[in-house]
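Student: I would like the atomic coordinates for the input below:
(one chain, ligands or ions: 1)
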Amino acid sequence: MSRHLAIDLGASSGRVALGTLEGGRLSTRILHRFPNGGVQVQGRLYWDMLGLWREVLHGLKLAAETGEQISSVGVNSWAVDYALLDAQGGLMGGGVRHYRDPRTTGQMDRAFALMPREEIYARTGIQFLPFNTAYQWLAEDPETLQAAHTALMVPDLLHFWLCGVAVTEQTNASTTQLYDPNTADWSPSLLEGLGLPAHLFPKIVPPGTVLGPLSPEVAALTGLTGLQVIAPATHDTASAVAAVPASGSGWAYISSGTWSLVGVETARPVINADSLRRNLTNEAGVNHTTRLLKNIMGLWMVQECCRLWGVTDYAALYAEAATVPSGAVIDPDDARFLAPSDMPGQVQALCRESGQAVPQSRPQIVRVILDSLAHKVAAVLKVLEDVTGQAIQTVHVVGGGSQIALLNGLITDVSGRTVIAGPVEATLEGNLLVQAAALGLLKPGQVRDVVRASVNLKTFLPSALPSPVHSEVS
Ligand code: LFR
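Tutor: Below is the predicted model of the structure:
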């Protein structure tokens with residue numbers, strides 16, 4: 001039997017959880033849950049890193065109070081964002097900028113003037129998204145970048161604070177669009193081509209790397225002793241995909257949360273004219289796999305509506321949305337939805353502009369969002385089939401969004417494929433089990449078996465003839 005701690009930082013909330021692995025099954029107990037989100041100051045959007053660190057320390061203290069013997073701890077979070085550190089390891093530039101900060105507007109075009117789009121894609125295989133680390137770096141004040149000593153991705157920063165070791169973990173490095181999947185290292189030609197300082201990011205380590213013991217400072221602050229800090233798959237989506245309870249072939253996954261990440265697992269990156277045209281991403285997964293996927297705007301759209309409406313009971317809202325008929329279908333990846341805004345108004349505007357019925361009530365607006373997400377998911381599944389030549393029969397939906405029966409049903413019906421929903425806590429489970437594998441307590445190939453043995457899944461079968469889905473996705 002072994003115990004491990006997972007620190008999971010999501011865009012809207014964070015958790016510290018204790019996992020117990022025993023007899024090939026994993027049980028997970030959430031010790032501490034705390035809210036997260038952007039903090040706006042002087043027109044800039046940041047993450048509250050010090051506030052998050054305080055919550056992490058509190059969670060670790062609760063872990064110490066359980067009195068259990070815990071072997072290891074590891075952090076995962078959203079991708080692309082980074083901290084710049086000075087030579088003493090101090091945070092520079094006001095902390096970590098949020099990827100939804102509008103500073104990246106226009107930076108992709110600047111990058112394409114420095115290096116052709118095709119070449120950037122050929123070297124990285126990463127979906128062009130305005131907030132990729134590469135474009136955030138282009139938006140940095142050049143003097144700050146020059147003055148910086150080190151850049152650490154968010155989970156790497158937390159690992160640095162936990163144990164003093166500064167490295168970049170591979171799954172998250174792959175999201176920067178500065179990483180070459182063929183060499184599993186930073187791409188010198190990309191850094192040079194975009195004029196970015198190559199020395200900032202430290203060495204890349206694979207998921208499941210033991211970094212070292214918890215620092216004496218953190219041990220004293222929390223009362224925890226004897227733990228190793230282990231880099232899991234630090235990109236939350238990579239941890240979630242590691243815990244997809246699939247076996248065999250013919251399956252895709254959706255990591256469903258603030259974003260919907262829709263993809264398949266491949267043995268090698270798929271980087272060609274077709275994947276470029278479809279703007280698919282090739283992010284690194286565990287065990288040398290590739291996560292060939294696409295970012296879809298996801299439940300962020302509902303979260304933003306709820307923020308504006310002051311609604312916190314999501315379950316009630318989804319239940320109401322299930323009682324209204326299907327409405328307009330819009331493109332959830334319209335650029336206007338990216339930044340925090342009047343989301344209901346933006347949804348209504350796009351419905352109006354596209355000549356469709358404009359939803360009025362809250363449930364109608366949520367219904368338009370869910371219908372639109374389901375249609376986009378269905379289109380991406382077709383694209384993935386086209387690009388890989390592999391049929392997809394089953395779609396595993398994992399993460400918080402897997403609890404939304406309405407969305408699962410819509411995905412099933414619109415795509416005409418079986419949906420298997422769960423686990424809700426895939427990210428935590430992937431994080432915990434990759435730590436266990438790093439300590440030799442599991443074979444890497446056993447992670448999914450343990451998840452299957454440990455969780456309850458729900459199956460949604462297509463109830464109607466699939467609607468025609470257009471597979472042209474931008
Ligand atoms: C999901 C996620 C996505 C990434 C987005 C921004 O939480 O990590 O994979 O594209 O957040 O970092």
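Student: How is residue 392 assigned, secondary-structure-wise?
Tutor: coil (DSSP: H, G, I helix; E, B strand; the rest coil).
Student: Now for it: which residues touch it?
Tutor: 250-252, 264, 381, 384-385, 417 (CB atoms under 8 Å, 6 or more residues apart in numbering). C-beta: built from backbone N, CA, C; applies to glycine.
Student: Excluding sequence neighbours, find me the nearest residue to it.
Tutor: Counting by CB to CB, 6 or more residues apart in numbering, residue 252 is the residue found nearest to residue 392 once chain neighbours are left out, at 4.6 Å.
Student: quick one: average confidence on the one helix or strand the one you found maps to?
Tutor: Using DSSP states H and E, residue 252 sits in strand 251-256. Averaging pLDDT along strand 251-256 yields 98.
Student: just how off-centre is that strand within its chain?
Tutor: Relative to the chain's own centre, strand 251-256 is displaced by 12 Å; criterion: CA atoms, centre = their mean, to the nearest Å.
Student: what's the weakest-modelled helix or strand in this structure?
Tutor: Within the chain, no helix or strand scores below helix 142-147, which has a mean of 89 by mean pLDDT, DSSP states H and E.
Student: buried ones in it?
Tutor: residue 145 (16 or more other CB atoms under 10 Å).
Student: go on, stretch 49-61?
Tutor: Under the neighbour-count criterion of 16+ other CB under 10 Å, stretch 49-61 has 49, 52, 55-61 buried.
Student: Pull up the per-residue confidence for the closest residue in space to residue 48 that isn't next to it in sequence.
Tutor: What sits nearest to residue 48 in space, not counting adjacent residues and going by CB to CB, 6+ apart, is residue 39, at 5.1 Å. Looking at residue 39, its pLDDT reads 97.
Student: before we move on, what about residue 198?
Tutor: Here, the pLDDT recorded for residue 198 equals 87.
Student: circling back to that earlier point, considering the contacts of residue 392, which possesses the most neighbours?
Tutor: Of all those, the highest neighbour tally under other CB atoms under 10 Å goes to residue 252, namely 27 neighbours.
Student: Quick check: the gap between that residue and the ligand.
Tutor: Separation of residue 252 from the ligand (CB to the nearest ligand atom, to the nearest Å) stands at 15 Å.
Student: And residue 112, by the same measure?
Tutor: The gap separating residue 112 from the ligand is 20 Å, by CB to the nearest ligand atom.
Student: What values do phi and psi take at that residue?
Tutor: As for residue 112, its main-chain torsions (degrees, to the nearest 10) stand at phi -70, psi -30.
Student: Likewise for residue 47?
Tutor: Main-chain torsions, residue 47, degrees, to the nearest 10: phi -90, psi 150.
Student: Checking the residue of the chain most remote from its centre next. Helix, strand or coil?
Tutor: Ranked by distance from the centre of the chain (CA atoms, centre = their mean), the top residue is residue 355, with 33.3 Å. When classified by three-state DSSP, residue 355 comes out as coil.
Student: how much space is there between it and residue 366?
Tutor: Using CB to CB, to the nearest Å, residue 355 is found at 21 Å from residue 366.
Student: Is it correct that residue 56 falls within a helix?
Tutor: Yes. Applying three-state DSSP, one finds residue 56 inside a helix.
Student: The most centrally placed residue in the chain: what's it in contact with?
Tutor: The centre of the chain sits closest to residue 237, judged by CA atoms, centre = their mean, with a distance of 3.9 Å. Shown in contact with residue 237 (CB under 8 Å, 6+ apart): 79, 255, 259, 261, 283, 291, 293, 427.
Student: phi, psi of the third one?
Tutor: Spelled out, that is residue 259. Backbone geometry at residue 259, expressed as degrees, to the nearest 10, gives phi -110, psi 160.
Student: now the fifth one
Tutor: Here is the backbone geometry of residue 283 (degrees, to the nearest 10): phi -100, psi 150.
Student: Enumerate the beta-bridge partners assigned to it.
Tutor: Beta-bridge pairing for residue 283 (DSSP bridges): residue 291.
Student: burial measure for it, as a count.
Tutor: Residue 283 has 28 nearby residues by other CB under 10 Å.
Student: thinking again about what came up before, for the helix or strand following the strand holding residue 252, buried residues please.
Tutor: Next helix or strand after strand 251-256 toward the C-terminus (DSSP H and E): strand 260-266. For strand 260-266, the neighbour count (16+ other CB under 10 Å) marks 260-266 as buried.
Student: now stretch 286-298
Tutor: For stretch 286-298, by 16+ other CB under 10 Å, it's 286, 289-298.
Student: Same question for stretch 347-360.
Tutor: For stretch 347-360, by 16+ other CB under 10 Å, it's 347-348, 350-351, 358-359.
Student: Next, give me the two most distant ones among these.
Tutor: The largest separation in the buried residues of stretch 347-360, counting by CB to CB, is between 350 and 359 at 10.7 Å.
Student: give me the subset of the buried residues of strand 260-266 touching the ligand.
Tutor: Applying CB under 6 Å from any ligand atom to these, one finds that residue 261 fall near the ligand.
Student: Closest one of the buried residues of strand 260-266 to the ligand?
Tutor: Looking at these and their distance to the ligand, the nearest is residue 261, at 5.1 Å (CB to the nearest ligand atom).
Student: Tell me who's in contact with the closest residue to that closest one other than its chain neighbours.
Tutor: Once flanking residues are discounted, residue 261 sits nearest to residue 255: 4.2 Å by CB to CB, 6+ apart. Shown in contact with residue 255 (CB under 8 Å, 6+ apart): 236-237, 240-241, 261, 398-399, 426-427.
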